[in-house]
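K.L.:
coordinates only, sequence not included:
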């Protein structure tokens with residue numbers, strides 16, 4: 001990294017009052033972008049996610065380590081007079097507060113947006129909630145699993161006739177974290193123009209509904225309820241996984257030209273001119289017949305040979321990788337998105353960086369995920385010197 005190169009949020013201070021996944025992911029994105037993030041934790045136990053395991057790596061869960069890079073931790077009893085004083089001083093000297101308590105619970109403790117804005121009119125106050133601030137479910141607790149169920153994500157995930165399955169990563173939690181970070185960045189930009197802070201909010205449920213946008217739009221347009229298609233897509237064909245002689249491959253022929261190329265690679269040019277398959281709408285209508293024709297051919301190919309042939313033929317395709325294979329995937333290594341950090345208690349620690357670069361540089365891992373209260377003394381010195 002060039003000595004002149006700086007992260008875009010350097011000079012911004014964030015008070016992090018979040019727990020579990022969505023909120024910590026919001027604040028970690030801001031930390032990765034250069035903000036100084038001070039994570040407020042319950043004395044002794046800290047963030048609940050520290051105990052979510054196994055697996056553990058060192059003293060903390062792998063999940064905690066993956067979501068709390070580049071932060072400092074202080075222990076603070078928010079119900080004590082000392083805790084109130086310290087938090088008040090922090091908010092006065094900060095640019096952003098991010099919180100993920102149950103709706104209204106922080107306000108009942110005296111820590112509302114109005115309280116923060118009185119201390120610091122320029123503060124950006126971001127709420128991460130489960131269901132939003134209005135409606136019959138606003139006070140209910142929520143997790144990623146519940147949001148995938150209620151939003152309809154589970155109704156379109158998995159194979160027809162099989163029980164509901166959750167998407168195998170916390171797409172709602174982490175998606176909410178991304179929306180939270182975007183809201184904060186937008187509010188900071190507005191503050192540059194107006195000099196005023198603002199109160200922003202996102203929720204797990206709204207994020208889940210946003211992921212369903214094209215399914216909901218398709219239903220509103222047609223009246224047809226989307227169904228499970230395994231690895232397929234209701235509006236494209238062929239698009240999904242297909243059997244190979246030694247496993248499966250993913251193939252996405254997203255337009256008529258790609259479909260003709262696919263037929264050429266598979267040495268089945270007659271499928272490209274078959275009146276059932278000449279356009280994407282026809283292929284979608286005749287998906288079952290098309291899939292059967294293609295599977296009869298792909299099942300005779302070794303997976304690596306098939307994917308290589310599709311690459312060379314200009315057809316989007318991929319092998320199916322397991323997590324251990326992803327960790328050593330040459331493309332992952334080339335991107336440098338798995339970042340090492342040697343200055344910590346865990347030898348050979350690695351963590352996944354942000355999926356973006358600035359002038360070719362990926363934001364680095366500057367601070368190892370903290371121990372509970374690791375930076376109590378640091379904060380005391382900061383507040384005394386500010």
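P.N.:
Sure thing, it's come through. Treat the numbers as computed from the prediction; the structure is a model and nothing was measured.

K.L.:
Just give the closest residue to residue 379, not the sequence neighbours.
P.N.:
residue 74 (4.9 Å; Cβ to Cβ, 6 or more residues apart in numbering). Just so you know, the C-beta spots here come from the backbone N, C-alpha and C atoms, and that holds for glycine as well.

K.L.:
Could you give the bridge partners of that neighbour?
P.N.:
For residue 74, the beta-bridge partners are residue 40 (DSSP bridges).

K.L.:
so who does it touch?
P.N.:
In this structure, residue 74 makes contact with 38-41, 86, 373, 375-376, 379, judged by Cβ atoms under 8 Å, 6 or more residues apart in numbering.

K.L.:
of those, buried ones?
P.N.:
38-41, 86, 373, 375-376, 379 (16 or more other Cβ atoms under 10 Å).

K.L.:
can I get the residues you listed in JSON lines with distance to residue 116 and pLDDT?
P.N.:
Output for these, formatted as JSON lines (distance: Cβ to Cβ, whole Å; pLDDT from 0 to 100):
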{"residue": "38", "distance to residue 116": "14", "pLDDT": "97"}
{"residue": "39", "distance to residue 116": "17", "pLDDT": "97"}
{"residue": "40", "distance to residue 116": "13", "pLDDT": "96"}
{"residue": "41", "distance to residue 116": "19", "pLDDT": "95"}
{"residue": "86", "distance to residue 116": "14", "pLDDT": "94"}
{"residue": "373", "distance to residue 116": "23", "pLDDT": "86"}
{"residue": "375", "distance to residue 116": "21", "pLDDT": "88"}
{"residue": "376", "distance to residue 116": "22", "pLDDT": "85"}
{"residue": "379", "distance to residue 116": "18", "pLDDT": "82"}
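
K.L.:
between the residues you listed, which is nearest residue 293?
P.N.:
The nearest member of the buried ones among the contacts of residue 74 to residue 293, counting by Cβ to Cβ, is residue 39 at 55.3 Å.

K.L.:
could you check the distance from that closest one over to residue 12?
P.N.:
15 Å (Cβ to Cβ, to the nearest Å).

K.L.:
And the closest residue in space to residue 156 that isn't next to it in sequence, how close does it get to residue 56?
P.N.:
In this structure, residue 156 finds its nearest non-sequential neighbour in residue 226, 5.0 Å apart by Cβ to Cβ, 6+ apart. With distances taken as Cβ to Cβ, residue 226 is found 39 Å from residue 56.

K.L.:
and stretch 328-347, which residues are buried?
P.N.:
Buried residues in stretch 328-347 (16+ other Cβ under 10 Å): 337, 339, 341.

K.L.:
now swap in stretch 138-146 and tell me
P.N.:
Those would be 138, 142-144, 146, for stretch 138-146 by 16+ other Cβ under 10 Å.

K.L.:
Closest one of those residues to residue 8?
P.N.:
Using Cβ to Cβ, the buried residues of stretch 138-146 come closest to residue 8 at residue 144, 28.8 Å.

K.L.:
Residue 204 is in contact with that closest one, correct?
P.N.:
Yes - the pair residue 144 / residue 204 is scored as a contact, 6.9 Å apart, by Cβ atoms under 8 Å.

K.L.:
Quick check: neighbours shared by those two?
P.N.:
What both residue 144 and residue 204 touch, as defined by Cβ under 8 Å, 6+ apart, is the set 172-173.

K.L.:
tell me the domain ranges of the chain?
P.N.:
Following automatic domain parsing, the chain resolves into domains at 13-211+332-385, 239-325.

K.L.:
Quick one: those domains as a markdown table, columns for distance to residue 222 too.
P.N.:
Formatted as a markdown table, the domains of the chain follow (distance: least, Cβ to Cβ, whole Å):
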| stretch | distance to residue 222 |
| --- | --- |
| domain 13-211+332-385 | 14 |
| domain 239-325 | 12 |
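
K.L.:
Out of the ones you listed, name the one with the poorest average pLDDT.
P.N.:
Mean pLDDT values for those show the minimum at domain 13-211+332-385, a mean of 92.

K.L.:
chain center to it, what's the gap?
P.N.:
Relative to the centre of its chain, domain 13-211+332-385 is centred 12 Å away, using Cα atoms, centre = their mean, to the nearest Å.

K.L.:
Any idea how far apart the tips of that domain sit?
P.N.:
This stretch, domain 13-211+332-385, spans 15 Å end to end (Cα to Cα, to the nearest Å).

K.L.:
Equivalent analysis for stretch 241-249, please.
P.N.:
5 Å.

K.L.:
mind listing the strands in the stretch 151-300 of the chain by residue range?
P.N.:
For the stretch 151-300 of the chain, the strands defined by DSSP state E, counting those that start in this stretch occupy 198-203, 239-244, 247-252.

K.L.:
quick one: contacts for residue 289?
P.N.:
residue 276.

K.L.:
again with residue 56
P.N.:
Here residue 56 is in contact with residue 62 (Cβ under 8 Å, 6+ apart).

K.L.:
In this protein, which helix is the longest?
P.N.:
Looking across the chain with DSSP state H, the single longest helix is helix 171-194.

K.L.:
now for that helix, which elements pack on it?
P.N.:
Other elements packing on helix 171-194 under the criterion 3 or more Cβ pairs under 8 Å, 6 or more residues apart in numbering; DSSP states H and E are helix 22-32, strand 96-99, strand 124-129, helix 144-150, strand 198-203, helix 204-211.
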